[in-house]
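Q: The sequence and its predicted three-dimensional model are supplied below.
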Amino acid sequence: MEKIVEELTLLLMYLSSWEEDGYVADENDMPKAAKIKTCWKGYDFGIINKLTDENYLYYSKGKSVFLTPKGEELAKKLISKYITK
């Protein structure tokens, strides 16, 4: 059940996110400019911390978090898993 809550939280974060200019690490861990998905931290912090530890989110000191490319990829897969047409 915990895994389902984590997946649904990531999915909600993705669906309620917006794009901002920011930086992501390239294959050499060097920052490069990119559009990043940003969302508010209005979710359980235990889940946010776990998703950050699993590299699905970047945690910021502000009121928002950023989805990693890995997080975006998983969220897109979760759409087809949980949302039917």
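A: Ah, there it is. A quick note: this is a predicted structure, and the numbers were derived from the prediction, not measured.
Q: Make sure I have this right: Lys77 is in a strand.
A: No - counting by DSSP: H, G, I helix; E, B strand; the rest coil, Lys77 is not found in a strand; it is helix.
Q: how close does it sit to Lys41?
A: With distances taken as Cβ to Cβ, to the nearest Å, Lys77 is found 23 Å from Lys41. In this view, the C-beta of every residue, glycine as well, is placed from N, C-alpha and C.
Q: Asp21 now?
A: Taken as Cβ to Cβ, the span from Asp21 to Lys41 is 20 Å.
Q: Neighbour count: the two, which is higher?
A: Taking neighbours as other Cβ atoms under 10 Å, Asp21 and Lys41 compare with Lys41 leading, 15 against 8.
Q: Contact partners for the more buried one?
A: 48, 63-65 (Cβ atoms under 8 Å, 6 or more residues apart in numbering).
Q: need the contact list for the spatially most central residue of the chain.
A: The residue lying closest to the centre of the chain (Cα atoms, centre = their mean) is Leu67, at 2.9 Å. Each residue near Leu67 by Cβ under 8 Å, 6+ apart is listed here: 10, 13-14, 17, 36-39, 56-58, 75.
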